[in-house]
Structure formats: C-alpha cells, structure tokens
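Undergrad: got a structure for you, letters missing:
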C-alpha cells in the first residue's frame, strides 16, 4: 500500500474530492480514483466521504493507493464484427453473450480483450480495464457500440451521450400485447432498494426516458422498437417491465422462461452520432442476430395456424 496526504488550500476550496485526487494522481483515471473513495481508501480529517465531497480549506486528505489495482488484460484473437473504422473511432456489432469489459468473473473473452488484439491504440479515459469503451451493452444484448481510439474522441462522444445528442434504437420482443402503437416511458431509475443487484423505477432516481413503437403484435407477445433518450443501466429492460411488458428471456426483470433462449431478447439495431473530428452526422444499422429472427418467425407461424 502507498499512503499519501494533502492539505487543502484556498485555491482548492470547493473542488470535488475525486477531481482533486485526479490532479494529485495523474497516472490514474477518475473512475479508478472514484473506486478508491467508494472502497474507503480515502479519508478527510480521518473520516470517509462520498466522491462528490466538496473540499474545505484546511482539510487533511489522506488516501491509500491499492496495490495491484491495475489488472493486466491479455489481448485475445477473438473475431470482431467491425461495422466502421477510421483513425479516431470504430463501431462494432457486439455479439450476444459477450461481456464488454473485464469485471469480477469475466477476466477474459470480453470485447476489450478482442479490441486490444485487433486495435493498436485505444482511449484511456475510463482506465486500463476499459480502454476505448465509451458506453456499454449488457452481456446478452447484441448490437452496435462506438469505441474511441483516442481521449479527445472519447470525451467528445461521452459528451454527446450525456447531452442526449446520439441516436440509439433497439429492437425487443416483450411479453403481452402492447395496446398503444407508440408511447413514451418517463420514469426515474435507481438501484432497487429491495435488491441492490437490480435497477428499478424509484422516486428520486435519475431521469430516464424511453420511446417505444409497436412493430408487430402476436397472440401473447409484441415486437417493439425502443429509442433511448437517456442511458441508464438496464433502462429498456426496467421500463418495459414497469409498464407490464418485460422482455422475453430477461433473467432479472422478466417472467418465467417461455422460449429456450439465454438472456433478454434485445438488440441495439441503430446507432447515430456526430463524428468529433469531421463534425458530420454518422448513422449505422445492423440486423438482429439469428436467434432473434428465428423467434420472430416462430411467433409469426403461430399466428398463421
């Protein structure tokens, strides 16, 4: 362990502690330092604080840099479906079942492992364990992701996401027959107070807005298109369950299995954004994977009987 300390001067007064520590530990990313704070490796005047704590003159900040904090990610020769690539960024079609970046229980076989093998340079904004990763898709959600090759591009794309200036359209198959041809779900999302491993619609949660449109109705299911106006964790899965139409196969928010599929029937079909270097709007589209199309065909055949 590496113990360090710093006394806040008038110049730093009012600054968030996570931002301050980034300036004092330039070799680490802000996300890494925020993890130190949440893991109680940081104290102010001997007491642990939250990462948004505003520093005061005379505060003594002490922190411990965890040993071996950074893991070595091994590049792996995993095939990548690259939809677009240039010097600044790429758009990939992530397959169903692939984890985006290494985490507990998933140290290899991730999109990041594949990217490190195929791409010479990736952005470092999100730390060593998430190089290039601007946004994520759940393991069992397939579809389009943008990846940044440099930090300037990464920051610009992240700002577009935060400002809701990107276009993200998904396709899903949900339980039940959705009555309205289209609609908007405006409901805040936060950690489920009764189950910290799930998200839920919670008063006081983060603003979340999903627009949906019915593509086709079946006897007990509906094929829908969903457009994200915000990007909360599990947003489409939580919102569709909230209105009584959980995604088929969803292990967290769905009903008991009705089809032999692993994970939710969800595909990120369209992705649009303004290219940070050219300032030109770019939009990409990819068809759902075979299991999704097969399920739709099965539902269509049930109507024709």
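TA: Okay, I see it. In this text, all values refer to a predicted model and were calculated from it rather than measured experimentally. Numbers count the residues shown, from 1 in each chain.
Undergrad: average pLDDT for stretch 72-92?
TA: Average pLDDT, stretch 72-92: 95.
Undergrad: can you check stretch 185-193 too?
TA: 93.
Undergrad: what's in contact with it?
TA: With contacts defined as CB atoms under 8 Å, 6 or more residues apart in numbering, stretch 185-193 is touched by 198-212, 232-235, 238-240, 242-243. The way it works is simple: take the backbone N, C-alpha and C, and place the C-beta from them, glycine included.
Undergrad: which stretches in the stretch 51-200 of the chain count as strands?
TA: Along the stretch 51-200 of the chain, counting by DSSP state E, counting those that start in this stretch, strands occupy 60-65, 82-85, 89-94, 142-148, 167-175, 182-186, 189-192, 195-201.
Undergrad: so which of those strands is nearest residue 39?
TA: strand 60-65 (9.6 Å; CB to CB).
Undergrad: picking up where we left off before, now the strands of the stretch 51-200 of the chain in CSV, with mean neighbour count and distance to residue 266?
TA: Converted to CSV, the strands of the stretch 51-200 of the chain look like this (neighbours: other CB atoms under 10 Å; distance: least, CB to CB, whole Å):
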stretch, mean neighbour count, distance to residue 266
strand 60-65, 16, 39
strand 82-85, 15, 18
strand 89-94, 22, 12
strand 142-148, 25, 8
strand 167-175, 23, 5
strand 182-186, 14, 15
strand 189-192, 18, 16
strand 195-201, 14, 15
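Undergrad: can you tell which of these is closest to residue 268?
TA: Closest to residue 268 of the strands of the stretch 51-200 of the chain is strand 142-148 (CB to CB; 2.7 Å).
Undergrad: give the other helices and strands that that closest one contacts.
TA: The contact analysis (3 or more CB pairs under 8 Å, 6 or more residues apart in numbering; DSSP states H and E) places strand 142-148 against strand 89-94, helix 151-162, strand 266-274.
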